[in-house]
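Undergrad: A predicted structure for the sequence below; I have some questions about it.
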Amino acid sequence: MSYTALYRKFRPDIFEDVKGQEHIVTTLRNQIKADRIGHAYLFTGTRGTGKTTIAKLFAKSVNCENPVDGSPCGKCRCCQSISSGASVNVIEIDAASNNGVDNIREIIDEVSYSPVEGKYKVYIIDEVHMLSIGAFNALLKTLEEPPSYVIFILATTEVHKIPITILSRCQRYDFKRITIDTISDRLRELMEKENVAVEEKALRYIAKTADGSMRDALSLLDQCIAFHFGEELTYDKVLDVLGAVDTSVFGQLIELIQAHDITGCISLLEEVVMQGRELTQFVSDITWYLRNLLLVKTSDGNIEDVIDVSSDNLARLRDEAETLDSEQIMRYIRIFSELSGKIKYATQKRILIEMTLIKLCKPAMETSNDAVVARVRDIEEKLEKGAFTIAQSVVGSSGTVQPAVEVKKEIPKAIPEDIKMIVKEWSGIVSETIPPLKIYLKNARLDLGNDNQLVIVVEDGMAYDYLSNPDNLSKLQTMLSNRIEKEVAIQVQSLAQGADYEENHIDLSKIINMEIEIEEENID
Ligand SMILES: [Zn+2]
């Protein structure tokens with residue numbers, strides 16, 4: 001039996017089935033009933049909130065031969081040809097892939113022909129913010145004087161990128177994130193139609209995870225059903241399929257952060273990555289975990305209903321909450337929510353999380369109020385434990401106290417053999433550093449420069465900025481010098497994106513690895 005994705009199968013055919021955007025649906029239906037239809041609409045809001053669904057329903061309604069209370073009848077020729085995608089009256093354009101001025105000109109040329117059937121030609125331009133300036137200008141001309149039979153529906157997730165000249169010609173509708181209640185009601189309704197037994201708690205978890213997007217909720221539910229086809233869908237199964245992290249990981253992570261154990265945090269994250277967890281989800285889960293901790297911490301009554309966890313987990317949360325104070329938890333929540341916003345569309349998710357963990361372990365890197373509070377708390381704790389010692393001082397002959405001066409040991413300068421040694425041991429060296437340096441060094445390429453300098457070539461951008469910072473550079477220099485007991489001079493160079501490294505450099509590690517391979521062959 002073939003399985004049709006819920007999102008396709010239950011795409012609303014009538015306005016009543018569109019959930020969570022009642023304010024918009026009512027206005028549009030009233031326009032249809034009163035026959036006061038506009039020529040340009042702008043639908044804006046987060047993904048999966050029903051923009052294109054409503055746009056298509058609207059396109060159907062305005063063309064329907066027998067609309068029922070502003071909704072399409074679904075039976076007439078126009079309705080059917082639109083449903084099957086055969087209608088030439090509804091033109092959908094994805095601006096993400098057709099953003100040029102030529103694409104828009106093509107449309108505009110067509111606009112001048114009146115519709116062959118039905119009353120209106122409806123142009124739905126999705127992701128309209130992706131249009132080029134030229135394309136917007138071309139569109140603007142048509143929006144200024146549209147033929148009576150043309151309707152433009154522009155949909156976007158990023159309304160701030162739309163030129164004001166376009167905005168001022170559109171009726172604007174803001175789509176809201178759909179509430180957890182509305183989403184889980186809709187999911188329950190569909191599961192009843194599909195005869196799938198499902199736990200209420202499972203549905204609520206999916207609704208919560210979908211974060212306001214009905215489309216995401218349906219596709220998450222699809223995944224869960226596909227994994228457990230023909231079985232009852234329980235909360236545990238959903239957690240399992242969606243890769244929700246066992247909450248004990250969060251407890252561990254928070255302990256490590258409190259202990260300022262950066263290495264521990266990074267290797268725990270490594271484990272999470274190895275388990276194949278989806279990192280955006282991981283960050284959103286930990287934010288919810290912290291929110292639950294805060295609720296447990298600050299409320300004295302019965303909070304089982306507010307917190308979506310089993311009684312075992314609740315007991316664990318209570319223990320965990322004992323070890324933290326509310327300000328700390330709030331600081332963690334703030335930092336993780338910031339991360340949550342950034343990570344969704346980021347390509348280097350793991351690095352972003354690593355940086356955040358470092359930030360959490362080292363409040364000194366932040367200047368916000370609560371970071372300063374965290375720093376003061378650290379100092380207080382250290383004072384209590386007596387961890388501070390007075391720095392060694394030298395009493396001068398005059399009796400005044402002078403700070404001790406660290407005497408630098410004179411060591412010989414590195415020769416090419418030493419640089420080769422560094423290249424050979426590079427992965428070991430890299431593994432002793434911490435991110436972000438670790439990542440930059442790992443991806444760096446090495447060459448031998450003038451005066452036996454070690455040339456570190458990295459990509460232009462963050463890596464180059466970090467390494468060419470004198471402080472960071474001198475730390476790295478000291479580390480390498482200590483390692484081989486020779487003075488190593490480093491030169492950091494950037495490689496413009498897409499530039500060919502081999503054109504100006506030699507890849508030392510390739511040569512050295514080749515030597516190692518040859519040596520090994522000789523042993524045989
Ligand atoms: Zn119809």
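TA: Alright, I've got the coordinates.
Undergrad: Flag every residue of the protein that's near the ion.
TA: Applying C-beta under 5 Å from the ion, we find that the chain lies next to the ion at Cys64, Pro72, Cys73, Cys76, Cys79. Yep, even glycine has a C-beta here, placed from its N, CA and C like the rest.
Undergrad: and the closest residue to the second one other than its chain neighbours, how far is that from His260?
TA: To tie it back to what came earlier, the one meant is Pro72. Computed as C-beta to C-beta, 6 or more residues apart in numbering, the closest residue to Pro72 that is not its neighbour in sequence is Lys60, at 3.9 Å. Using C-beta to C-beta, to the nearest Å, Lys60 is found at 60 Å from His260.
Undergrad: ok so, going back, can I assume the residue nearest to Pro72 is in contact with Ser81?
TA: No: at 9.8 Å, Lys60 does not count as touching Ser81 under the criterion of C-beta atoms under 8 Å.
Undergrad: So between the two, which is more surrounded?
TA: Using other C-beta atoms under 10 Å, the more surrounded residue of Lys60 and Ser81 is Lys60, with 28 against 18.
Undergrad: which element is that one on?
TA: Using DSSP states H and E, Lys60 falls within helix 51-63.
Undergrad: before we move on, back to that, find the pair from the residues of the chain next to the ion with maximum spatial separation.
TA: Pro72 and Cys76 (8.2 Å; C-beta to C-beta).
Undergrad: Residues that sit against both of those two, list them.
TA: Cys64 (C-beta atoms under 8 Å, 6 or more residues apart in numbering).
Undergrad: Give the residue from the two that has the larger number of neighbours.
TA: Per other C-beta under 10 Å, whichever of Pro72 and Cys76 has more neighbours is Pro72, with 27 against 17.
Undergrad: what separates Ile178 from Met462, distance-wise?
TA: Here Ile178 is placed at a distance of 37 Å from Met462 (C-beta to C-beta).
Undergrad: So for the helix or strand where Glu189 lies, what gets flagged as buried?
TA: Remark: Glu189 resides in helix 180-194, with elements defined by DSSP H and E. Of the residues in helix 180-194, Ile180, Thr182, Ile183, Ser184, Arg186, Leu187, Leu190, Met191 count as buried by neighbour count, 16 or more other C-beta atoms under 10 Å.
Undergrad: Send over that helix as PDB, restricted to the C-alpha atoms.
TA: Backbone C-alpha positions of helix 180-194 (Å, rounded to 0.1, in the frame of the first residue of the first chain) are rendered in PDB as follows:
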ATOM      1  CA  ILE A 180       0.500  24.200  20.000                       C
ATOM      2  CA  ASP A 181      -3.200  23.600  20.800                       C
ATOM      3  CA  THR A 182      -4.400  24.400  17.300                       C
ATOM      4  CA  ILE A 183      -1.700  22.200  15.800                       C
ATOM      5  CA  SER A 184      -2.400  19.200  18.100                       C
ATOM      6  CA  ASP A 185      -6.200  19.600  17.500                       C
ATOM      7  CA  ARG A 186      -5.600  19.400  13.800                       C
ATOM      8  CA  LEU A 187      -3.300  16.400  14.100                       C
ATOM      9  CA  ARG A 188      -5.800  14.600  16.300                       C
ATOM     10  CA  GLU A 189      -8.500  15.200  13.700                       C
ATOM     11  CA  LEU A 190      -6.400  13.800  10.900                       C
ATOM     12  CA  MET A 191      -5.300  10.800  12.900                       C
ATOM     13  CA  GLU A 192      -9.000  10.000  13.600                       C
ATOM     14  CA  LYS A 193      -9.700  10.200   9.800                       C
ATOM     15  CA  GLU A 194      -6.700   7.900   9.100                       C
END
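Undergrad: is it true that Gln31 lies in a strand?
TA: No: when DSSP: H, G, I helix; E, B strand; the rest coil is applied, Gln31 is found to be helix, with no strand at that position.
Undergrad: which residues does it contact?
TA: Contacts of Gln31 (C-beta under 8 Å, 6+ apart): Ile37, Gly38.
Undergrad: Just give me the residue right at the centre of the chain.
TA: The chain has Lys344 as the residue nearest its centroid, 1.4 Å off, counting by C-alpha atoms, centre = their mean.
Undergrad: tell me which element the residue in the stretch 351-500 of the chain that the ion sits nearest to falls in.
TA: Per C-beta to the ion, Leu352 is where the stretch 351-500 of the chain lies closest to the ion, at 48.9 Å. Per DSSP H and E: Leu352 is located in helix 349-361.
Undergrad: tell me how far that helix is from the chain's mean position?
TA: 13 Å (C-alpha atoms, centre = their mean, to the nearest Å).
Undergrad: neighbouring contacts of it?
TA: Contacts with helix 349-361, where a contact means C-beta under 8 Å, 6+ apart, come from 253, 256-257, 260-262, 265-266, 269, 273, 279-280, 282-283, 332, 335-336, 339, 342-343, 346, 365-366, 434-436, 439.
Undergrad: Can you show me the CA trace of it as CSV?
TA: Extracted in CSV, the C-alpha atoms of helix 349-361 (Å, rounded to 0.1, in the frame of the first residue of the first chain):
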residue,chain,number,x,y,z
LYS,A,349,25.8,24.1,13.2
ARG,A,350,28.3,22.2,15.3
ILE,A,351,30.8,25.0,15.4
LEU,A,352,28.1,27.4,16.5
ILE,A,353,27.2,25.1,19.4
GLU,A,354,30.8,24.7,20.3
MET,A,355,31.3,28.5,20.5
THR,A,356,28.2,28.8,22.6
LEU,A,357,29.5,26.1,25.0
ILE,A,358,32.8,28.0,25.4
LYS,A,359,31.0,31.2,26.0
LEU,A,360,28.9,29.5,28.7
CYS,A,361,32.0,28.0,30.3
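Undergrad: What are the buried residues along it?
TA: In helix 349-361, counting by 16+ other C-beta under 10 Å, buried: Lys349, Arg350, Leu352, Ile353, Glu354, Met355, Thr356, Leu357, Ile358, Lys359, Leu360, Cys361.
Undergrad: ok, now stretch 32-43?
TA: Quick answer for stretch 32-43 (16+ other C-beta under 10 Å): Ile32, Ile37, His39, Ala40, Tyr41, Leu42, Phe43.
Undergrad: My understanding was that the first one contacts Asn63; is that so?
TA: No: contact status for Ile32 versus Asn63: not in contact, 10.5 Å apart, counting by C-beta under 8 Å.
Undergrad: mind listing the helices in the stretch 101-250 of the chain by residue range?
TA: For the stretch 101-250 of the chain, applying DSSP state H, counting those that start in this stretch gives helices covering 101-111, 133-144, 164-167, 180-194, 200-210, 214-227, 235-241, 248-258.
Undergrad: Ok, which of these comes nearest Val150?
TA: helix 101-111 (5.5 Å).
Undergrad: report the angle between the axes of that closest one and helix 133-144?
TA: With axes from the mean of the first three to the mean of the last three C-alpha atoms, to 10 degrees as the basis, helix 101-111 and helix 133-144 are set at 20 degrees to each other.
Undergrad: Pull out the buried positions in the helix or strand hosting Asp465.
TA: Assigned by DSSP H and E, Asp465 falls within helix 462-468. Neighbour-count burial for helix 462-468 flags Ala463, Tyr464, Tyr466, Leu467, Ser468 (criterion: 16+ other C-beta under 10 Å).
Undergrad: contacting residues around Leu269?
TA: Contacts of Leu269 by C-beta under 8 Å, 6+ apart are Arg350, Ile353, Glu354, Leu357.
Undergrad: Throw the residues you listed into TSV and include pLDDT, thanks.
TA: Shown next, in TSV, are those (pLDDT from 0 to 100):
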residue	pLDDT
Arg350	87
Ile353	92
Glu354	90
Leu357	91
